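Peer 1: quick one: sequence and predicted model below, then my questions.
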Amino acid sequence: MEPFIELLSFIDDHFIDGIFVSVLLIIIFKKFLKSIKTKTALEIVSYLMIFYCLLSIIYLFLISVVKVDSELYASFINRATGIYKLTYILMLFSHSFLPLLLLFKKFRSKLFLVFFIALFMNLGWLFESFVIHSTTIHRDYEGDRNVFLPFDRELIIFGKGFLLGILALIIGNIKEYRLGKIKN
């Protein structure tokens, strides 16, 4: 169970956390740079979200039905039935089940729908970041007034999302270029 959790955590930390930035970058490239093909890049990002979604559903199945680890099971039940159960269930739905819509090509080809699904997948850490910022401002932990600047974590996540978007665009355009050469 431990290697599976590490794999899920690795994918979440390095690819999923800033994936809406990647889709936003693809939208910007499609809008302003017509010569760059974005269809394959959008498919790469969509399949990454679907893969992560399927892994998280397997993880939830292992915790809730098989009850592999009693501590994880207790934590899952406490969150799902506790005082904030509505927000946890909403986060769980948007993070683990909403991306299954991308299995349908009709949804996967709509750029703004993929963006909103990616944004809903990232709402968890966005809300967490908002709470950290607002409590810092409210309780005046920092002491100085630079608390409105993004923290290091947010900058790193945005950077990872930007790099993933650039990488998807490069891979997608290489694929489009090669397919164009093969057809000619």
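Peer 2: In hand now; what should we look at?

Peer 1: how close does L24 get to L72?
Peer 2: 33 Å (C-beta to C-beta, to the nearest Å). Every C-beta, even on glycine, is put in place using the N, C-alpha and C of the backbone.

Peer 1: with L90 instead?
Peer 2: L90 is 21 Å from L72, by C-beta to C-beta.

Peer 1: repeat that for A41.
Peer 2: 35 Å.

Peer 1: of these two, who's got more company?
Peer 2: Remark: of A41 and L72, A41 carries more neighbours, 28 against 16, as counted by other C-beta atoms under 10 Å.

Peer 1: tell me the backbone dihedrals of the more buried one, please.
Peer 2: phi -60, psi -40 (degrees, to the nearest 10).

Peer 1: wait, doesn't it sit right on I166?
Peer 2: No - with contact defined as C-beta atoms under 8 Å, A41 does not count as touching I166 (9.3 Å).

Peer 1: any idea which element the closest residue to D17 other than its chain neighbours lies in?
Peer 2: With C-beta to C-beta, 6 or more residues apart in numbering as the criterion, D17 has its nearest non-adjacent residue at 4.7 Å, and that residue is I157. Assigned by DSSP states H and E, I157 falls within helix 152-183.

Peer 1: which of the residues in that helix are buried?
Peer 2: In terms of neighbour count (16 or more other C-beta atoms under 10 Å), helix 152-183 has its buried residues at 154, 157-158, 160-161, 164-165, 168-169, 172-173, 175-176.

Peer 1: which of those residues has the weakest pLDDT?
Peer 2: Across the set of those, E176 stands lowest in pLDDT, at 72.

Peer 1: what is the neighbour count of the closest residue to that one other than its chain neighbours?
Peer 2: The shortest distance from E176 to any non-neighbouring residue, by C-beta to C-beta, 6+ apart, is to K37 (4.3 Å). Neighbours of K37 under the rule other C-beta under 10 Å: 19.

Peer 1: pretty sure K37 sits against I174.
Peer 2: No - assessed by C-beta under 8 Å, K37 is found out of contact with I174, at 10.0 Å.
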